[in-house]
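Asker: Need a 3D model of the sequence below.
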Amino acid sequence: FFLLAVSPAMSTDTERELYHLIQRFLAAGPCHAAAEALRAEMREHELLPLRVDINGDRRLEPNGYGNTPPERLLQLCRHSLRLVDQAFPVPGTPTQSLLHSSAADLLRDSPFAPRIIASTPLNIYHGTNSRSANIVHGLLARRLGLAGLRVNALFRPALYRKMQWRWHIAGHMDSAYCVLYDRTGQLVVTGSDDKLVKIWSASTGHLLMSLRGHSAEITDLAVNEENTMVASSSTDGTTRVWLLRNGAALAVLRGEDAFAEVSTVQFCPAPTPGQRMLVTTSRTGSMRFWRWEVNGSTGHIRFLPNEQQPPAISFRDPTKANCWCRQDCRCRVEAHDFSKGGGFLVVGTTNAFVKVYQIAAEGNPRLLQESNQFHTSTVEAVAFCHNGTKFVSAGADGRVFVWQHERVWTPSLCEQIHPEKAWVHRWAAWTCDDRLVVVASQLKQADGGVVHQINVWTCRERKHLHTLCRHEMQIIKVAGHPTDPSVAVSAGNDGRVILWNVRQGQCYREFIIEKQHNLHMQPLDCLDCQISPTGLTMAVVDIWGNWSLMAFDQARTRVPPPEAQVFDTDYGELLWDAHGWAVDANSQRPPHQLPSLLCGLDLVPYGPELQTALTPQQRLAVRDSPARLARQTQVCLAERECFEREVAKGQPVTPPSMLPMLRYGLRRRQTRTTRSTARTLDIATDAEEAEQDRRMQAEADSFNDLLDAKDADFDAG
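Answerer: Numbers count the residues shown, from 1 in each chain. Model (predicted):
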């Protein structure tokens with residue numbers, strides 16, 4: 001009992017009462033022996049309350065403070081947590097621990113104010129030592145949150161070639177067009193034409209929850225940065241938002257046009273209350289922003305009413321202003337993407353416009369810049385880089401532009417491949433170090449055939465680097481590896497999922513999704529592919545409603561999950577009210593509250609060994625990692641937002657060369673090193689790298705001096 005190591009002089013009333021509350025709390029729990037020992041120590045050190053007898057003498061009260069409730073101490077702690085959260089709220093979820101020593105400390109006496117720290121992240125593998133790195137130390141360092149990890153020293157080509165199938169699970173009755181990971185990489189979310197959104201465990205492959213409420217096909221999915229919500233859009237004209245921890249419906253978002261099919265949905269990653277919003281686009285040519293807010297004391301999430309939401313933005317073709325035909329006179333949003341700090345939104349349309357909006361903390365999104373002078377056809381893909389304000393746009397006219405901000409966004413045309421041919425670019429992505437741009441392209445030949453390939457350009461020189469040819473049908477997804485700058489993944493309708501070395505133009509690993517048909521193996525169309533935030537697993541969905549997982553191990557020691565998994569309540573009848581809220585037709589209860597049994601596709605329940613009596617909340621086994629992730633994400637995004645706010649003012653600010661997140665324990669890669677001694681790329685010489693590093697160091701110092709000056713002005717004010 002270290003609390004009792006005090007002198008007998010410690011006898012104030014508050015300290016005596018605290019010892020008494022601790023003793024009562026211990027006595028009510030399993031620690032009865034500890035409670036009796038503490039009571040004996042209190043008598044020995046005269047820590048019991050004093051009373052005045054009839055003669056005026058002060059004596060110890062043997063019965064303590066009377067009948068104090070044993071839960072009194074716990075009530076005081078919870079009440080203190082609520083009061084502190086109300087007085088000094090912290091972005092994200094409310095304080096849930098008495099042991100925090102960071103921004104969520106119970107002893108804090110000032111509001112939360114994230115600051116940029118000009119320090120250099122720790123490079124555990126730097127210089128020549130990176131060549132002797134091993135996978136054990138690397139994974140340990142990544143789990144500890146150390147930045148600047150030289151992943152190319154950890155993952156060798158031989159390791160990527162060992163990536164294997166883990167499982168292939170039938171989870172939907174119709175084609176599945178959407179798949180994504182949550183922010184921790186522990187959950188996989190799928191959306192299908194069978195009107196269901198399902199949440200799976202990425203580690204065990206078991207079905208955790210089915211989200212019911214849509215009345216038509218699912219078109220897109222999104223998870224917010226705090227990892228608390230998942231949004232799904234549908235052709236029924238609604239966007240539904242669900243709580244990730246229990247599958248409860250949080251909001252039903254529907255615009256003025258109830259028949260407008262919602263095609264895409266995306267959360268804005270900005271951390272400030274005024275910038276928390278969700279963007280949706282419809283096939284009738286409109287885009288909507290939906291604001292939401294978090295109660296700092298309770299953590300309750302609420303979407304604002306429709307009358308308080310920003311007005312819809314309509315992309316009408318100016319050449320057909322007098323025509324009101326939905327299909328012809330309105331152009332559609334073909335692609336959109338938020339900057340990593342949430343300060344800007346770039347939009348590509350079917351009438352060759354590239355538009356940039358500013359997501360301000362106050363007021364509605366504001367159009368900063370628009371242009372249709374560079375693309376001559378549909379802008380098929382837009383994507384912001386990972387660090388800074390550059391973005392890439394690729395169109396059906398065969399052109400790829402990299403847009404750099406210098407007071408305004410100015411495009412630079414990438415080197416064209418056979419400009420006399422009619423190339424069409426479908427997808428665009430960045431490598432995690434923002435040095436290479438990866439684009440999925442297709443070319444229609446004179447004989448009617450179509451060539452599908454992936455092209456790689458350098459961001460700095462805009463030079464064409466490689467052409468990767470292996471897909472035989474349309475490429476539906478291209479994405480960069482989240483931690484390895486030399487790796488990208490692609491998936492196509494030919495059933496192929498390929499890991500590429502985009503620096504050297506080689507194929508690391510190729511998977512083919514197949515299904516037996518008439519005694520032959522037939523490839524299945526891949527409809528979406530997602531790589532996990534850690535880069536260790538990949539999830540794929542296909543036209544048969546299956547989802548597959550690829551990983552670096554086959555999990556032979558684990559019990560394999562069933563090959564088909566649905567709940568017996570998945571396809572029950574639903575009833576909707578006038579506002580779009582759904583209840584089960586038989587029980588009149590919300591779908592997420594219904595008990596369910598795990599079944600096969602024939603809806604016959606599995607045996608008792610695969611059934612549990614757990615509720616959906618217990619199935620998901622939500623830990624406090626999303627809450628920690630929310631706080632860490634708020635800090636990181638607030639720093640990015642500070643830079644983007646300066647860019648929006650029209651000042652030519654150079655982005656920081658790194659994001660020092662070591663203090664907050666959030667793993668962030670160091671995308672630009674200031675003293676690079678590792679191997680240079682094939683596309684640049686050593687002298688060019690040294691000059692680039694020197695220039696980046698000078699620019700980073702200038703940017704940090706600017707931030708220090710602003711902090712000094714803020715402190716002085």
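Asker: need the helix or strand of this protein with the lowest average pLDDT.
Answerer: Here the helix or strand of the chain ranked lowest by mean pLDDT, DSSP states H and E is helix 326-329, holding a mean of 42.
Asker: can you count the residues close to D542?
Answerer: By other CB atoms under 10 Å, 28 other residues sit near D542. For the C-beta atoms, the positions are set from N, CA and C on the backbone; glycine is no exception.
Asker: ok, now the one 3 residues further on?
Answerer: Burial of G545 is recorded as 24 neighbouring residues (other CB under 10 Å).
Asker: And for L610?
Answerer: Using other CB under 10 Å, L610 has 15 other residues around it.
Asker: which is the next helix or strand following the least confident helix or strand of the chain?
Answerer: Next helix or strand after helix 326-329 toward the C-terminus (DSSP states H and E): strand 333-338.
Asker: Now do that next one: which elements does it pack against?
Answerer: Using 3 or more CB pairs under 8 Å, 6 or more residues apart in numbering; DSSP states H and E, the elements in contact with strand 333-338 are strand 262-267, strand 277-282, strand 344-349, strand 379-384.
Asker: Include mean pLDDT when you put the ones you listed into TSV, please.
Answerer: Output for the helices and strands packed on strand 333-338, formatted as TSV (pLDDT from 0 to 100):
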stretch	mean pLDDT
strand 262-267	94
strand 277-282	92
strand 344-349	93
strand 379-384	94
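Asker: got those strands as TSV, with mean neighbour count and distance to W581 columns?
Answerer: TSV is the format used below for these (neighbours: other CB atoms under 10 Å; distance: least, CB to CB, whole Å):
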stretch	mean neighbour count	distance to W581
strand 262-267	22	17
strand 277-282	25	18
strand 344-349	25	29
strand 379-384	24	34
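Asker: Turn these into CSV, including distance to W200.
Answerer: Shown next, in CSV, are the helices and strands packed on strand 333-338 (distance: least, CB to CB, whole Å):
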stretch, distance to W200
strand 262-267, 20
strand 277-282, 23
strand 344-349, 30
strand 379-384, 27
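Asker: Please identify which of those strands is closest to R72.
Answerer: Nearest of the helices and strands packed on strand 333-338 to R72, taken as CB to CB: strand 262-267 at 42.4 Å.
Asker: what does that closest one contact?
Answerer: 219-225, 229, 231-235, 237-239, 277-283, 332-333, 336-338 (CB atoms under 8 Å, 6 or more residues apart in numbering).
Asker: Tell me where the stretch 601-717 of the chain is predicted with low confidence.
Answerer: 612-717 (pLDDT under 70).
Asker: residues near D525, how many?
Answerer: 18.
Asker: got it, and T378?
Answerer: There are 20 residues near T378, going by other CB under 10 Å.
Asker: tell me the contacts of it?
Answerer: Listed by CB under 8 Å, 6+ apart, the contact set of T378 reads 334, 348-352, 395-396.
Asker: can you rerun that using 10 Å?
Answerer: 331-332, 334-335, 348-353, 395-397, 424 (CB atoms under 10 Å, 6 or more residues apart in numbering).
Asker: Could you tell me the per-residue confidence at it?
Answerer: We have a pLDDT of 91 for T378.
Asker: what's the answer for D484, then?
Answerer: 88.
Asker: and it, that one's in a helix?
Answerer: No - using DSSP: H, G, I helix; E, B strand; the rest coil, the assignment for D484 is coil, not a helix.
Asker: In terms of helices and strands, where is D257?
Answerer: Take DSSP H and E as the rule and D257 turns out to sit in neither a helix nor a strand.
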